[in-house]
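Colleague: pasting the sequence and the predicted model now:
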Amino acid sequence: MTVTAMKASEVAKKVVNNEPLFILDVRNGDAFADWKIEGGNIQYLNTPYFDLLDGVEEVVSDLPADRDVLVVCAKEGSSVMVAEMLSEEGVHAAYLEGGMKAWSEHLEPVKVGELRNGGELYQFVRLGKGCLSYMAISDGEAAVIDATRMADIFLDFAQEKGAAIKHVFDTHLHADHISGGRAIAEATGASYYLPPKDAEEVVFEYEDLENGLEIAIGSSKIEIEALYSPGHTIGSTSFIVDQSYLMTGDILFIDSIGRPDLAGLADDWVGDLRESLYTRYKDLADELVVLPAHFMIIEELNEDGSVSKKLGDLFAENHGLNIADEQEFRDMVTKNLPPQPNAYQDIRKTNMGKITPDEEVQREMEIGPNRCAVR
Amino acid sequence: MNADKVLDAKGLACPMPIVKTRKEMKAMESGQVLEILATDKGAKADLAAWAKSGGHELMDSQENGDVFSFWIKKG
């Protein structure tokens, strides 16, 4: 029997469509506990490959016959070996092509809305890491917001759509993933905007992303308006696109809110975070569709694989927006925080241009979940 | 650190560093120390977890540039 490869894009389809899958994850126990492929209809078995070198008999009886079995490891090598061993025992199993690295880098573009005069808004869902990026396209021009490291995916997508990327924005200086914004701007000649308060140590040229900044794309003038909303970082800035969509960056998520500690000043910024959420956002129209820069749990995905919800619904349902007591709010976002993202200090330095690790090192730095929220 | 034997697993990708380490260890006596050189970044966590599950002791590890060195005492 031969072993077959399953691509990250095929796994993504299964996750989005909630199809059954059995994952035999052969990474070591710590790696599995820290970060794995999440999905509503996935069953798991974690047995490290080094415990299977004498034979796979002990796991064969645990594998189901009624759903696809996928062997997963960090980079692919061990999963191929285990899948081959299973095959010799007469069990058909696929392996994940490129391993968790490929899963971490896969982006699934989902159309989240129509803009006026035929424009389109796309969300790029990075299922493996929970990052969300955006591209607004109108009349042959595009703007990209919170792009992830895989710049080529955005460049190719814009080309497919016949659009020239004119503006690139980051809502804040990211700490959980490496931004592709600078690379996209350099490849296209687009302007790269960063909030100046986050960018004091940035060593390259950028445009100031200030409150009230208005950018239009295409001749139909889709407006992108900046709204200063500090709290996750002191510079964090939101966008209102075409008067209909609110891109909240890492300030507000679907089922959680941003954490204020990743740039080091949780106690100072907790007041800013509260004001952004409870005053600035409260003043906005309930009908705005919130598009965050992350999701944390697979339940936050809509049926089509997108991540979005109306602002009014979030004010009704999101626990982080419904804490009347200020001290309770302060305690929630400064105490008992989840662990900080892997390599977050080096990721921040990379996003400032202070260090330039090679691609392989950048991949390693991004391993693991994003952990930008508190619930 | 003194080792009874040295295994050069540089340039090998997962799972080979562990496969080779395991083979070398089988031929060694309890209490002897194997030094492993590897460049695969995943080797660090995996060797530690493998040693633990096999009853061996990861005595020390070092990083020199791209090369990781591990000293494992057979249990």
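Modeller: Arrived safely.
Colleague: dump the residue contacts of A:Lys129.
Modeller: Applying CB atoms under 8 Å, 6 or more residues apart in numbering or on different chains, we find A:Lys129 in contact with A:Ser104, A:Thr148, A:Asp176, A:His177, A:Glu366, A:Gly368, A:Pro369, A:Asn370. (Glycine included, C-beta is placed from N, CA and C.)
Colleague: okay, now A:Ile251: neighbour count?
Modeller: Here the count is done by other CB atoms under 10 Å in any protein chain shown, and A:Ile251 has 28 residues near it.
Colleague: quick check: closest non-adjacent residue to it.
Modeller: Distances taken as CB to CB, 6 or more residues apart in numbering or on different chains place A:Gly258 nearest to A:Ile251, at 4.7 Å, with adjacent residues excluded.
Colleague: is that neighbour in contact with A:Leu252, as I believe?
Modeller: Yes - assessed by CB atoms under 8 Å, A:Gly258 is found in contact with A:Leu252 at 6.9 Å.
Colleague: from the contacts of A:Lys129, which single one is nearest A:Asn28?
Modeller: Minimum distance to A:Asn28 across the contacts of A:Lys129 is 13.8 Å, recorded for A:Gly368 (CB to CB).
Colleague: burial of the residue lying closest to A:Asn318 once chain neighbours are set aside, as a residue count?
Modeller: Distances taken as CB to CB, 6+ apart place A:Asp255 nearest to A:Asn318, at 6.5 Å, with adjacent residues excluded. As a burial measure, A:Asp255 scores 18 neighbours (other CB under 10 Å).
Colleague: mind listing what A:Asp255 touches?
Modeller: By CB under 8 Å, 6+ apart, the contact set of A:Asp255 is A:Met296, A:Ile297, A:Glu299, A:Glu300, A:Asn318, A:His319, A:Arg375.
Colleague: quick check: phi and psi on it?
Modeller: phi -120, psi 20 (degrees, to the nearest 10).
Colleague: who touches the helix or strand of chain A with the lowest mean pLDDT?
Modeller: Using mean pLDDT, DSSP states H and E, strand A:373-374 stands out as the lowest-scoring helix or strand of chain A, at a mean of 80. Under the contact criterion CB under 8 Å, 6+ apart, strand A:373-374 has outside partners A:250, A:253, A:256-259, A:294, A:296, A:320, A:332-333, A:337-338.
Colleague: show me what contacts residue 31?
Modeller: Answering for chain A, as no chain was given. Contacts of A:Ala31 (CB under 8 Å, 6+ apart): A:Ala74, B:Ala45.
Colleague: should've been chain B
Modeller: B:Lys73, B:Lys74.
Colleague: picking up where we left off before, strands - which of the contacts of A:Asp255 land there?
Modeller: Per DSSP state E, strands hold no members of the contacts of A:Asp255.
Colleague: let me know the closest of these to chain B.
Modeller: Within the contacts of A:Asp255, the smallest distance to chain B is 24.3 Å, found for A:Met296 (CB to the nearest CB).
Colleague: the closest one touches A:Gly258, doesn't it?
Modeller: No - between A:Met296 and A:Gly258 there is no contact under CB under 8 Å: 11.0 Å.
Colleague: for the two, indicate the residue with more neighbours.
Modeller: Each of A:Met296 and A:Gly258 has its neighbours counted (other CB under 10 Å); A:Gly258 has more, 30 against 21.
Colleague: from chain B, how far off is the more buried one?
Modeller: For A:Gly258, the distance to chain B (CB to the nearest CB, to the nearest Å) stands at 30 Å.
Colleague: what are the buried residues along the helix or strand harbouring A:Val110?
Modeller: Counting by DSSP states H and E, the element that carries A:Val110 is strand A:108-115. Along strand A:108-115, these residues count as buried under the neighbour rule (16 or more other CB atoms under 10 Å in any protein chain shown): A:Glu108, A:Pro109, A:Val110, A:Val112, A:Gly113, A:Leu115.
Colleague: identify the contacts common to A:Met296 and A:Gly258.
Modeller: In terms of CB under 8 Å, 6+ apart, A:Met296 and A:Gly258 are both contacted by the residues A:Cys372, A:Ala373.
Colleague: sorry, back to before: so of the contacts of strand A:373-374, which ones are in helices?
Modeller: Per DSSP state H, helices hold the following members of the contacts of strand A:373-374: A:Met332, A:Val333.
Colleague: are any of the contacts of strand A:373-374 buried, and which?
Modeller: Applying 16+ other CB under 10 Å to these, the neighbour count classes A:Asp250, A:Phe253, A:Ser256, A:Ile257, A:Gly258, A:Arg259, A:His294, A:Met296, A:Gly320, A:Met332, A:Val333, A:Leu337 as buried.
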